[in-house]
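A.B. asks: Let's see this in three dimensions:
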Amino acid sequence: MMTIKDNSVPLVVLRSIAYCALGIARSLGRLGVPVYTVEGRPSAPVFHSRYTQGRFVWSIDEKPEAESLEYLEHVSKHVGRYPLLVPTTDYAAMFVARHSVELRQWFRFPDQREGLVDSLCSKKEMHLLATRLAIPTPKTDFPETRADVEKFLKSAVFPVMLKGIDGTRLCERSGKKMFIVNSADELLDLYDRVEEPEAPNLMLQEYIPGGDDTIWMSNGYFNADSECLVGFTGKKIRQCPAYTGYTSLGVCLRNDVVDEQTRRFMKALSYRGILDIGYRYDSRDGLYKVLDVNPRIGATFRLFVGNNGLDVARAFYLDMTGQPVPRTQLPEGRKWLVEDRDLNSAVRYWRDGRLTAWQWLGSLRGIRETAYFASDDLRPVLARIKNILASAMRRCFSMRPGWSLPLSSHIGKRAPAGTGSVEAA
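C.D. replies: Presented below is the predicted three-dimensional model:
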């Protein structure tokens, strides 16, 4: 069982994307680290965890940045002891990088090269960086007009991936971060519906054949000298939404090529801090091609836990508090599951004839941890179930004319603009 000699420095999680903040709270909270979370949804499962010391209800995504800075100063003073700050979304990571001078007065976090976080969060800028540094990437076009798309179609080979340069923007507009497109007419129709002509945000990328298990992940922590103190690799077994989504079931597997490529890429960029990066193996040329780089902790980070209990959150905490980061070994075959998402995913694959009941049951062997359920911390999974049921009820009533839910049942609704609160656990 891993221990931390000095666990007195608090840690503040900025945003609770899905189950990521919950994983951080449990990972460090079990070692006695005081963990606090800043999140706009009062219903977030992390707020129900026994390992969350304080709950700050505030949405940096919706509030003016000046107000968010003022609020985070309040958080730091309330928590005390110059806490660590960990963003869990691209927007939160860019917010921290953009306001690093102000935030460093109140929090500790890695010092990044100016503009690097924004560049890595942009699929266009990341693609250009990877190309310049000879890191394999899929063939990609960045059309700025419909005429550019029509020009692309003259030599296009389908299927084609249509993605958002800023995936969050595309998701807000269309409900998805990417699409698999199978024809010219479908591509033009989709482009017309989801592009923002005044601020082009779409990219066209070659489709690399293969199933979910061709998608590899690398998680690591890089110190102030951009040296990787701990690095893990693994791959997806299933994802949700099916074929183009987040990991719903993953497995730890050693891949020296992916590990070396990640270390070389980040060293060349002078990157510091926690990293989550995705690749796809292309059997046509034998290359692992980078798909996206998340300059932050990834939602899947608890898939990657060393044989001594070390993960990237713990490595970050140790290094940032001046404590040595122990060596560890990757536990080959360790699996991690997102309970509700994988069930949804499995149903879709079953309907498509890609998964049988026996194959699904067999894939569950080797699971060592799940995203929401933990025997020593049951309230978050109950909160998640409550949120799912409330969401289902809202969808049900919204489809029936004349029916609506009372305000009190809007579980998961964001706090009204201009509000912010703090609760002590």
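A.B. asks: residue ranges of the helices in this structure, please?
C.D. replies: Using DSSP state H, the helices of the chain run over 20-29, 65-79, 90-98, 100-103, 116-121, 123-132, 146-153, 167-174, 184-194, 256-269, 312-320, 339-351, 357-363, 379-398.
A.B. asks: could you check the angle helix 20-29 makes with the last one?
C.D. replies: So the one you mean is helix 379-398. Here the directions of helix 379-398 and helix 20-29 differ by 170 degrees (axes from the mean of the first three to the mean of the last three CA atoms, to 10 degrees).
A.B. asks: Over to the second one?
C.D. replies: For helix 65-79 against helix 20-29, the angle between stretch directions is 20 degrees (the same axes, to 10 degrees).
A.B. asks: So what's the model's average confidence on helix 65-79?
C.D. replies: Across helix 65-79, pLDDT averages out at 98.
A.B. asks: who touches it?
C.D. replies: 10, 12, 14, 34, 36, 38, 54, 56, 58, 60, 63, 82-83, 95, 98-99, 102-103, 105-107, 420, 422 (CB atoms under 8 Å, 6 or more residues apart in numbering). Where C-beta positions appear, they are placed from N, C-alpha and C, glycine not excepted.
A.B. asks: what do you get for the first one?
C.D. replies: Contact partners of helix 20-29, identified using CB under 8 Å, 6+ apart, comprise 7, 11, 13, 15-16, 35, 37, 39, 44-46, 49-53, 86, 88, 297-299, 301-302, 311, 313-314, 317, 371-372, 374, 377, 380.
A.B. asks: Just send the helices of the chain back as a markdown table, with distance to Cys228 and mean neighbour count too.
C.D. replies: Shown next, in a markdown table, are the helices of the chain (distance: least, CB to CB, whole Å; neighbours: other CB atoms under 10 Å):
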| stretch | distance to Cys228 | mean neighbour count |
| --- | --- | --- |
| helix 20-29 | 19 | 26 |
| helix 65-79 | 29 | 16 |
| helix 90-98 | 19 | 21 |
| helix 100-103 | 22 | 14 |
| helix 116-121 | 16 | 21 |
| helix 123-132 | 17 | 18 |
| helix 146-153 | 37 | 15 |
| helix 167-174 | 25 | 16 |
| helix 184-194 | 37 | 15 |
| helix 256-269 | 5 | 18 |
| helix 312-320 | 10 | 24 |
| helix 339-351 | 29 | 18 |
| helix 357-363 | 30 | 12 |
| helix 379-398 | 31 | 15 |
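A.B. asks: Narrow the contacts of helix 65-79 to just the buried residues.
C.D. replies: 10, 12, 14, 34, 36, 38, 54, 56, 58, 60, 63, 83, 95, 103, 106-107, 420, 422 (16 or more other CB atoms under 10 Å).
A.B. asks: Mind checking which of the residues you listed land in strands?
C.D. replies: Mapping the buried ones among the contacts of helix 65-79 onto strands (DSSP state E) picks out Val12, Leu14, Tyr36, Val38, Gly54, Phe56, Val422.
A.B. asks: Quick check: phi and psi at the closest residue to Arg280 other than its chain neighbours.
C.D. replies: Distances taken as CB to CB, 6 or more residues apart in numbering put Ile208 closest to Arg280, at 4.9 Å, once the chain neighbours are dropped. Main-chain dihedrals, Ile208, degrees, to the nearest 10: phi -90, psi 120.
A.B. asks: which residues sit in contact with Ile208?
C.D. replies: Contacts of Ile208 by CB under 8 Å, 6+ apart are Pro138, Thr214, Arg280, Tyr281, Asp282, Arg284, Lys289.
A.B. asks: Please repeat the previous calculation with a cut-off of 7 Å.
C.D. replies: Counting by CB atoms under 7 Å, 6 or more residues apart in numbering, Ile208 touches Pro138, Arg280, Asp282, Lys289.
A.B. asks: how close does it get to Ser8?
C.D. replies: Distance from Ile208 to Ser8, counting by CB to CB, to the nearest Å: 47 Å.
A.B. asks: same check, this time on Lys151
C.D. replies: Taken as CB to CB, the span from Lys151 to Ser8 is 60 Å.
A.B. asks: List the strands paired with the longest strand seen in the chain, with their directions.
C.D. replies: Longest strand in the chain by number of residues (criterion: DSSP E): strand 228-240. Counting by DSSP bridges, the strands paired with strand 228-240 are strand 215-222 (antiparallel), strand 246-252 (antiparallel).
A.B. asks: Quick one: distance of it to the chain centre.
C.D. replies: Mean C-alpha position of strand 228-240 versus that of the full chain (CA atoms, centre = their mean, to the nearest Å) differs by 12 Å.
A.B. asks: Using CSV, write down the CA coordinates of that strand.
C.D. replies: Extracted C-alpha coordinates of strand 228-240, given in CSV (Å, rounded to 0.1, in the frame of the first residue of the first chain):
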residue,chain,number,x,y,z
CYS,A,228,8.8,11.7,-17.6
LEU,A,229,8.8,10.5,-14.0
VAL,A,230,6.1,8.0,-14.6
GLY,A,231,4.5,6.8,-17.8
PHE,A,232,1.8,4.2,-18.6
THR,A,233,0.4,2.8,-21.8
GLY,A,234,-2.8,0.9,-22.6
LYS,A,235,-5.6,0.7,-25.1
LYS,A,236,-9.3,0.9,-25.4
ILE,A,237,-11.5,-2.2,-25.5
ARG,A,238,-14.8,-0.3,-25.9
GLN,A,239,-15.7,3.4,-26.1
CYS,A,240,-18.9,5.4,-25.6
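A.B. asks: for that strand, what is the average pLDDT?
C.D. replies: Across strand 228-240, the average pLDDT comes to 97.
A.B. asks: ditto for stretch 276-289
C.D. replies: Across stretch 276-289, pLDDT averages out at 97.
A.B. asks: who's in contact with it?
C.D. replies: 136-138, 208, 210, 214-219, 257-258, 261-262, 290-294, 296-298, 301.
A.B. asks: got the end-to-end distance for it?
C.D. replies: One end of stretch 276-289 sits 15 Å from the other (CA to CA, to the nearest Å).
A.B. asks: in it, what's buried?
C.D. replies: For stretch 276-289, the neighbour count (16+ other CB under 10 Å) marks Asp276, Ile277, Gly278, Tyr279, Arg280, Tyr281, Asp282, Leu287, Tyr288, Lys289 as buried.
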